[in-house]
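Asker: just a sequence and a predicted model for now, questions to come.
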Amino acid sequence: MTPVTLRIAIGDYPHTLPLKRGEVTSPTLKLDFVEVKPMHHAFKPMVREHAFDASELALVTILQARAYNKGLTLLPAAMLARFQHHTCLYNSERGVLRPADLAGKRIGVRSYSQTTGAWIRGIIENDYDVDLGGVQWVTFEDGHVPEARDPDDVIRARPGQDITQMLIDGEIDAAIYGAAMPDDPRLRSVIPDPDAAARAWYGKYGVIPVNHMVVVPDELAKAQPLAVAELYRLLEESKRIAGLPKAGAIDNAPFGRDANRPCLEMMIEFAVQQKLIPRKLSVDELW
């Protein structure tokens, strides 16, 4: 039989590289990798156009896509996960800023629906008992799901403004970053000793915050269920060949429904809290 070919957009991670290098193959499925850098540039076309047969997608976008019936099915395959406690920064030249000081402040974030932003807001609100209701959120771009409107306390920065420069100049009091953290000694974590705080948080919840997972269009899942199952098998096999997770290490690419359920349940709670989705979803309606 001629193998089914799927166009797929996923990033270069330790657990995906064996698959992308051709070290994992299938007699029934061929993968046509579409390289998109930075990876988040693939998210909007996937949500709005189903531009790929399978794609990595941000977790908040996945929830919004299901809430607004965008026709995407989640595979329990995490692509990117990391602790988030270090991502909220302030300018130390303007005085110390701690989580309790954030109430009523102006905080910048690339997009209100950015998954890192949702994680750090949820952590600060629920673990540091900070009421973020009076915060003025300053954003720089739209989210990926057009129907998901930002809450009223979200405003847009002026065209051409830079989040780091605004933080240095005092136009915002804090800023939430993603993978690209600024290298400026003046900018420090709002959460003191974020590495220790993240370890304690993990000890409490046993959850590593997932940023990206894999989705396929509903129509593909219905028309080619064996191909979708084989895709998942290949992703899982790639992780196994990569030797991950290492013995004694935290698994930062969890696979399987049971492994991902606690993280998904937590993010659903955060998303409802932050008005990112219009209703509470169940985990099982995502698969």
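Answerer: In hand now; what should we look at?

Asker: and Ala179, what pLDDT?
Answerer: Looking at Ala179, its pLDDT reads 83.

Asker: that one and Thr116, how far apart?
Answerer: Relative to Thr116, Ala179 is positioned 8 Å away (C-beta to C-beta, to the nearest Å). All C-beta atoms are positioned from the backbone trio N, CA, C, and that covers glycine.

Asker: give me the more crowded residue out of these two.
Answerer: The residue with more neighbours, out of Ala179 and Thr116, is Thr116; 23 against 12, by other C-beta atoms under 10 Å.

Asker: ok, and what's touching the helix or strand that contains that one?
Answerer: Following DSSP states H and E, one finds Thr116 within helix 115-127. Helix 115-127 is contacted from outside by 58-61, 84-85, 87-88, 99, 102, 109-111, 130-132, 176-178, 190-191, 201, 209, 211-212, 266-267, 269-271, 273-274, 276, using C-beta atoms under 8 Å, 6 or more residues apart in numbering.

Asker: and it, how far out from the chain middle?
Answerer: Here helix 115-127 shows a centroid-to-chain-centroid distance of 12 Å under the convention C-alpha atoms, centre = their mean, to the nearest Å.

Asker: begin at 556 from now on, thanks
Answerer: Noted, 556 is the first residue going forward, which turns the last one into helix 670-682.

Asker: so Met594 touches Asp567, yeah?
Answerer: No - if you go by C-beta atoms under 8 Å, Met594 and Asp567 don't touch, sitting 9.0 Å apart.

Asker: which one's more surrounded, these two?
Answerer: Met594 (22 against 12).

Asker: which ones are touching the more buried one?
Answerer: Ala564, Ile565, Gly566, Glu611, His767.

Asker: please redo it, this time with the cut-off set to 6 Å
Answerer: Counting by C-beta atoms under 6 Å, 6 or more residues apart in numbering, Met594 touches Gly566, Glu611.

Asker: let me know the pLDDT of it.
Answerer: 93.

Asker: and for the one 3 residues further on?
Answerer: pLDDT, the model's per-residue confidence, is 96 for Ala597.

Asker: I figured it hits Ala564, correct?
Answerer: Yes - if you go by C-beta atoms under 6 Å, Ala597 and Ala564 touch, sitting 4.4 Å apart.

Asker: now do the shared contacts for those two.
Answerer: Val591, Ser610.

Asker: element containing Val700?
Answerer: With DSSP H and E as the test, Val700 turns up in no helix or strand.

Asker: can you check Ala730 too?
Answerer: Using DSSP H and E, Ala730 falls in strand 729-731.

Asker: need the buried ones from the contacts of helix 670-682 selected in PyMOL.
Answerer: Selecting only the buried entries of the contacts of helix 670-682 in PyMOL, with 16 or more other C-beta atoms under 10 Å as the criterion:
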select buried, resi 613+614+615+616+639+640+642+643+654+657+664+665+666+685+687+731+732+733+745+746+756+764+766+767+821+822+825+826+829+831
